[in-house]
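*Asks:* Sequence unavailable; structure follows:
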């Protein structure tokens, strides 16, 4: 059985908002952002523990991976059944504001 990736509702909203923002700045940039996030998700599926562990949250196995070309990171929780995306977070805005999103 393969591992599945599930986005939490907040992470989905963040992803959509960021893609919309980039698309408004330049046609095609929103799609480029979504593609870069998809690449991160594929990487996480291949190597789930390759992301940087979150200090203070190691017991929960929460990790982050940067998104290429964009100032974002995908924060995710590894469980036995799935990879749960907690946030698609901008690197320079409200650091780790999503920290309380620890359960799928």
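*Replies:* Here it is on my side, so go on. Keep in mind it's a predicted model, so treat the numbers as computed, not measured.
*Asks:* Only C-alpha atoms from now on, for both contacts and neighbour counts.
*Replies:* Noted.
*Asks:* residues touching the spatially most central residue of the chain, list them.
*Replies:* The central residue of the chain, meaning the one whose C-alpha is nearest the mean C-alpha position (Cα atoms, centre = their mean), is residue 74 at 2.1 Å. The contact partners of residue 74, taken as Cα atoms under 8 Å, 6 or more residues apart in numbering, are 37, 40, 64, 65, 66, 67, 85, 86, 87, 88, 89.
*Asks:* and if you look at residue 4?
*Replies:* Residue 4 touches 45, 81, 82, 83, counting by Cα under 8 Å, 6+ apart.
*Asks:* So which residues of the chain form helices?
*Replies:* 9-25, 29-46 (DSSP state H).
*Asks:* In TSV: these, plus distance to residue 94, mean pLDDT and mean neighbour count.
*Replies:* Supplementary listing: the helices of the chain in TSV, determined by distance: least, Cα to Cα, whole Å; pLDDT from 0 to 100; neighbours: other Cα atoms under 10 Å:
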stretch	distance to residue 94	mean pLDDT	mean neighbour count
helix 9-25	13	97	16
helix 29-46	20	97	17
